[in-house]
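Chemist: Fold the following for me, if possible:
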Amino acid sequence: MAKVSKRQKALLKKRPADVLPLEEAVAALKQFSGTKFDQTVEIAMRLGVDATQADQLIRGSIVLPHGIGKEQRVLVFAKGAKATEAEEAGANYVGQEELAKKIQEGWMDFDVCIAAPDMMKLVGPLGRVLGPRGLMPSPRAGTVTPDIANTVKEYKAGKVEFRNDKSGNIHAVVGKLSFDPDKLRDNVQAFVEKILSMKPNSVKGVYVRSAHLSATMSPSVRLAV
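Modeler: Sure, this is the predicted structure:
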């Protein structure tokens, strides 16, 4: 069993036992600051979906109002004019076979992978490497697209992807602990509203079973949705 540090024990004593409205949840989370680095804030939502049913898959992306406090490294598979568009939009890496080869060899120094539709014959075999890391481009997530320039700009501005796991849980980064409380609330609210808007018609009963906010080195706070 992992040993709980003195800091963690102290923070656990501060953690509210109640389910909190958004404003109070953010305030409670911000009291857990005190590390030497700026902690990343995440939201975790447990959904009442059946992950084995294709029509209950909750997957997509959202551009958060205030970004995530991190410059995302964007890789684009494209050629010709689309490659030029990607470079002008700020993509960190743009290429074709040479990038595919580097990835096959284990290079993963990027946060987002985007592909033009005509590149999928090249990108498809990378699914075994990119898929488990959540980096495989897909039309549903908006990362296989002819609109390369705008997609790159969105991810550079703080767009995040999400997808429920086998247990119906969704995790996403929603900012940094140093964010102004209003900005952090805006980001969380935008993400929650996005998930609520995607409720499948086939889901019966409670859709959002629980929600928690947490930072990198803090206890979680239960959020009322």
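Chemist: Give me the number of neighbouring residues for the closest residue in space to Ala211 that isn't next to it in sequence.
Modeler: Once flanking residues are discounted, Ala211 sits nearest to Leu223: 4.2 Å by CB to CB, 6 or more residues apart in numbering. The C-beta positions use only the backbone N, C-alpha and C, and glycine is treated the same way. Using other CB atoms under 10 Å, Leu223 has 24 other residues around it.
Chemist: can you check Asp180 too?
Modeler: 11.
Chemist: Could you do Val192 as well?
Modeler: 18.
Chemist: Surely it is within a helix?
Modeler: Yes. Under DSSP: H, G, I helix; E, B strand; the rest coil, Val192 falls within a helix.
Chemist: contacting residues around it?
Modeler: Going by CB atoms under 8 Å, 6 or more residues apart in numbering, Val192 touches 43, 45, 211, 225.
Chemist: least trustworthy position among the residues you listed, going by pLDDT?
Modeler: Lowest in pLDDT among the contacts of Val192 is Val225, which has 87.
Chemist: pretty sure Val76 is touching Glu88, no?
Modeler: No. Val76 is beyond contact range of Glu88, at 11.3 Å (criterion: CB atoms under 8 Å).
Chemist: more neighbours, these two?
Modeler: Val76 (30 against 12).
Chemist: what sits opposite the more buried one in the beta ladder?
Modeler: On the basis of DSSP bridges, Val76 is bridged to Val94, Ile114.
Chemist: so who does Val206 touch?
Modeler: Gly48.
Chemist: mind giving me the domain split of the protein?
Modeler: With domains defined by automatic domain parsing, the chain comprises 17-67+160-222, 74-157.
Chemist: Against Trp107, how distant is the nearest residue to Arg59 once chain neighbours are set aside?
Modeler: Closest residue in space to Arg59, ignoring its immediate chain neighbours: Arg163 at 4.1 Å, by CB to CB, 6+ apart. With distances taken as CB to CB, to the nearest Å, Arg163 is found 24 Å from Trp107.
Chemist: which of these two has more neighbours?
Modeler: Comparing Arg163 with Trp107 by other CB under 10 Å, the one with more neighbours is Arg163, at 18 against 13.
Chemist: Just the pLDDT for the more buried one.
Modeler: 89.
Chemist: where's it relative to Asp182, distance?
Modeler: 28 Å.
Chemist: Contact partners for Gln56?
Modeler: Contacts of Gln56 (CB under 8 Å, 6+ apart): 49-50, 200, 202-203.
Chemist: So which of those is the closest to Glu71?
Modeler: Each of the contacts of Gln56 was checked against Glu71 using CB to CB; the closest is Val49, at 32.6 Å.
Chemist: Doesn't that closest one lie inside a strand?
Modeler: No. Secondary structure of Val49 (three-state DSSP): coil, not part of a strand.
Chemist: close enough to count as contact, it and Gly205?
Modeler: No. Contact criterion CB under 8 Å: Val49 and Gly205 do not qualify, at 10.4 Å.
Chemist: who's more crowded, these two?
Modeler: Regarding Val49 and Gly205, a neighbour count based on other CB under 10 Å identifies Val49 as having more, with 23 against 6.
Chemist: and that one, what does it touch?
Modeler: Val49 neighbours (CB under 8 Å, 6+ apart): 56-58, 164, 168, 200, 203, 207.
Chemist: Let's verify Asp118: helix, strand, or coil?
Modeler: Assignment for Asp118 (three-state DSSP): helix.
Chemist: residues touching it, list them.
Modeler: Lys79.
Chemist: Secondary structure element holding Lys201?
Modeler: Careful, residue 201 is Asn and not Lys. Assigned by DSSP states H and E, Asn201 falls within no helix or strand.
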